[in-house]
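Enquirer: generate coordinates for the sequence data below:
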Amino acid sequence: MTLSLDLKNELQSIAKGRISFDEPMRDHTTIKIGGPADIWFEPLDLEDLKIVTACADRNDIPKHIFGNGSNTLVRDKGIRGMAITLSKFDWINKNEENIVCVGAGVHLQRLLGWSVENSLSGLEELAGIPGTVGGAVIMNAGTKDGSIGDVVKNLKWASKGRVYSAEKGDLEFSYRKLKLPRGAIVFEISLGLKPSDKQEIESKIEKIRHRRKEVQPLLWPSLGSVFKNPASGSKAWGLIDDCNLRGVRVGGARISNEHANWIVNEGNATAKDVEVLIKMVKERVKEKSDVILEPEIVIIGE
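Expert: Residues are numbered from 1 along each chain as shown. Sure thing, here's the model as predicted:
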């Protein structure tokens, strides 16, 4: 979209945090792919978020929330509108009932380390998962043994200049998904954790991390798991393996040899390369197993 000089000046004058224009999104995604965002905004606090997003709403500017871009593919022509990162929302506070209040911008692995130091259990299954707490809650990140939604007690989000709150009983978590009102920007999460032996927590985390390192391709930039596991109970990687697709390459993108449900960027991949691979995988799996794979990643942009 075309931004007038007056609108750019207005945004820069009202924002306390960083505002930039034509921001290369390859710098903000773990697969290191993505064209420019019209506007990049890093709010300093809640009031900053409310004021600037209200301006965006008045000017019909679409908004997109970014954690650390670990499950997001930004197309090659970039994002029309405003990309928002809540990196400054980075607090972790605990009350006497072991309810932990966390800013949406806190990295999952930092929170996990904090929980170990405070001998609190409930997050171990998130070991090795990249991303921020906000992003993890939105996609209900986890494994077959548990997801972050299991320990969420309360969420706070901003929308159209107002702040909303919901308790666990009013939230609809499902496999890799949380149902929220359109346009909601989650900025704070309360988690219910349980006191436990520190060494037991550390041991469980180390086992999970070791298991992940054995099967996950960590050498190249990636998106993590590309497809959800089907409701039938079969594994997405197994269905892809049945089609002998490991190592298949399009341009600079390749289906990983270590994990068939990962696509890696070998240095010069484009979003188009990745999307061609995604389409190929879906077609081959449908033809071989009559299963329609659904992407776990988010694809945005032009």
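
Enquirer: how about Leu277: what's its closest non-neighbour residue?
Expert: Take Leu277 and drop its neighbours on the chain: the residue closest to it by CB to CB, 6 or more residues apart in numbering is Val250, 5.1 Å away. Bear in mind the C-beta positions are built from the backbone N, C-alpha and C, glycine included.

Enquirer: which parts of the stretch 101-250 of the chain are helices?
Expert: Applying DSSP state H, counting those that start in this stretch to the stretch 101-250 of the chain gives helices spanning 108-117, 133-138, 198-215, 236-241.

Enquirer: compile those helices into JSON lines and extend it with columns for mean pLDDT.
Expert: Below are these laid out as JSON lines (pLDDT from 0 to 100):
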{"stretch": "helix 108-117", "mean pLDDT": "94"}
{"stretch": "helix 133-138", "mean pLDDT": "93"}
{"stretch": "helix 198-215", "mean pLDDT": "84"}
{"stretch": "helix 236-241", "mean pLDDT": "95"}
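
Enquirer: parallel or antiparallel, which strands does the worst-scoring helix or strand of the chain on mean pLDDT pair with?
Expert: Sorted by mean pLDDT, DSSP states H and E, the helices and strands of the chain end with strand 142-143, the least confident at a mean of 80. Within its sheet, strand 142-143 is paired with strand 146-147 (antiparallel), according to DSSP bridges.

Enquirer: for the strand it pairs with, the averaged confidence score.
Expert: The pLDDT scores in strand 146-147 average 86.

Enquirer: below-threshold pLDDT in this protein: ranges please.
Expert: Under the criterion pLDDT under 70, the flagged ranges of the chain are 213-218.

Enquirer: residue ranges of each domain in it, please.
Expert: Annotated domains of the chain cover 5-85, 92-200, 217-300 [automatic domain parsing].

Enquirer: can I get the CA coordinates of stretch 32-43 in PDB?
Expert: Output in PDB follows, covering the C-alpha atoms of stretch 32-43 (Å, rounded to 0.1, in the frame of the first residue of the first chain):
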ATOM      1  CA  LYS A  32      15.400 -15.800   6.600                       C
ATOM      2  CA  ILE A  33      12.900 -15.200   3.800                       C
ATOM      3  CA  GLY A  34      10.500 -12.400   3.200                       C
ATOM      4  CA  GLY A  35      10.000  -9.100   1.300                       C
ATOM      5  CA  PRO A  36       9.500  -5.700   3.000                       C
ATOM      6  CA  ALA A  37       6.700  -4.700   5.400                       C
ATOM      7  CA  ASP A  38       5.200  -1.300   4.600                       C
ATOM      8  CA  ILE A  39       5.400  -0.500   8.400                       C
ATOM      9  CA  TRP A  40       7.400  -2.200  11.200                       C
ATOM     10  CA  PHE A  41       6.400  -1.200  14.700                       C
ATOM     11  CA  GLU A  42       7.900  -2.200  18.100                       C
ATOM     12  CA  PRO A  43       5.700  -0.700  20.800                       C
END
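
Enquirer: can you give me the strands in the stretch 201-302 of the chain?
Expert: 222-225, 249-250, 253-255, 262-265, 298-300 (DSSP state E, counting those that start in this stretch).

Enquirer: so can I have a markdown table of the ones you listed showing distance to Leu86?
Expert: What follows is the strands of the stretch 201-302 of the chain, written out as a markdown table (distance: least, CB to CB, whole Å):
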| stretch | distance to Leu86 |
| --- | --- |
| strand 222-225 | 20 |
| strand 249-250 | 33 |
| strand 253-255 | 29 |
| strand 262-265 | 25 |
| strand 298-300 | 16 |
